[in-house]
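K.L.:
Provide a 3D model corresponding to the input given below.
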Amino acid sequence: MKSTRKSEWKELRVAGCSAWVSKRGILGFGVPMGLFFASQAWIQNGFMQALIVFALTTIIGGALFGLGTWHLSEWLYRRDSRNQ
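P.N.:
Just a heads-up that it's a prediction; the model follows:
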């Protein structure tokens, strides 16, 4: 992890995992992916199917992405902190 990225992560981790998952996972990743998959479902199956796909993709997919990136960044930060 580069020193600039490490200092950025040091500031971001103060807000905590739930803030990271909410902002970066659900809002940053889940909503755009939900819109994409919902538009596909709307074209093929109708509006109700699109709402279900949007909700599941946004909440579950976004949360999983956020948790994955949080743990990966924490692992990289701790690994590099130990090596110095």
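
K.L.:
which residues in this structure form helices?
P.N.:
Listed in chain order, the helices of the chain (DSSP state H) span 3-15, 17-20, 31-45, 47-56, 62-83.

K.L.:
got those as JSON lines, with mean neighbour count and mean pLDDT columns?
P.N.:
For every residue, glycine as well, the C-beta is placed using N, CA and C. Formatted as JSON lines, the helices of the chain follow (neighbours: other Cβ atoms under 10 Å; pLDDT from 0 to 100):
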{"stretch": "helix 3-15", "mean neighbour count": "12", "mean pLDDT": "89"}
{"stretch": "helix 17-20", "mean neighbour count": "14", "mean pLDDT": "96"}
{"stretch": "helix 31-45", "mean neighbour count": "15", "mean pLDDT": "94"}
{"stretch": "helix 47-56", "mean neighbour count": "15", "mean pLDDT": "94"}
{"stretch": "helix 62-83", "mean neighbour count": "14", "mean pLDDT": "93"}
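
K.L.:
list the contacts for the residue nearest the centre of the chain?
P.N.:
Computing the C-alpha centroid of the chain and ranking residues by Cα atoms, centre = their mean puts Gly25 first, at 1.9 Å. Going by Cβ atoms under 8 Å, 6 or more residues apart in numbering, Gly25 touches 62-67, 69-70.
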